[in-house]
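A.B. asks: coordinates only, sequence not included:
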């Protein structure tokens, strides 16, 4: 199993440079990479289907806190990120509330992309990872840890979320099979 092989290794944390690369790949006229990839039928946001609730939130954290994101050092980068945030703010987000995650765990599959939603003003997501079923039969989170390695959460996803201050739930994006 390829995923098992990947999760048995210790990986270095992503470089802070990732933000700059991510940012440069996104065109200001095409700010929603999720929407674009859904249109290409590469992924699907399944959050509404598994009980997610609609949330309207003004997204502006990166644009109003550029000192926290050194890769935004150039003024043209900051302008682009503000355009992206304005576009994201114009759409409803769907979030599966934290207290609903345990009851909806059966709807999650290995490989689903999990985004951790937050109550932080101006921010939609604080962390992402991948759903994996552990030996305990429960869904856990494969993610980059604060210690700088890729790990699988010790506790199931539902319990992991309870420990995160300000967590409001998750968004779930499912990769689709090519061609089908």
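C.D. replies: Perfect, I can see it now. Remember, predicted model here, so these are calculated numbers, not experimental data. Residues are numbered from 1 along each chain as shown.

A.B. asks: now the residue lying closest to residue 85 once chain neighbours are set aside: how far from residue 175?
C.D. replies: Distances taken as Cβ to Cβ, 6 or more residues apart in numbering place residue 59 nearest to residue 85, at 4.6 Å, with adjacent residues excluded. Backbone N, C-alpha and C define where each C-beta goes, glycine included. Applying Cβ to Cβ, to the nearest Å, the value for residue 59 to residue 175 is 24 Å.

A.B. asks: Please say which of those two ends up with more neighbours.
C.D. replies: More neighbours surround residue 59 than the other of residue 59 and residue 175, with 19 against 14 (other Cβ atoms under 10 Å).

A.B. asks: just to revisit the earlier point, for the residue nearest to residue 85, give me the backbone phi and psi.
C.D. replies: phi -100, psi 120 (degrees, to the nearest 10).

A.B. asks: With residue 130 instead?
C.D. replies: When read as degrees, to the nearest 10, the backbone of residue 130 gives phi -120, psi 140.

A.B. asks: what's the neighbour count on it?
C.D. replies: A count of nearby residues for residue 130, using other Cβ under 10 Å, gives 19.

A.B. asks: In contact with it, which residues?
C.D. replies: 110-114, 141-143 (Cβ atoms under 8 Å, 6 or more residues apart in numbering).

A.B. asks: same thing with residue 98?
C.D. replies: 158, 161-162, 167-170.

A.B. asks: I am finished for the moment; much appreciated.
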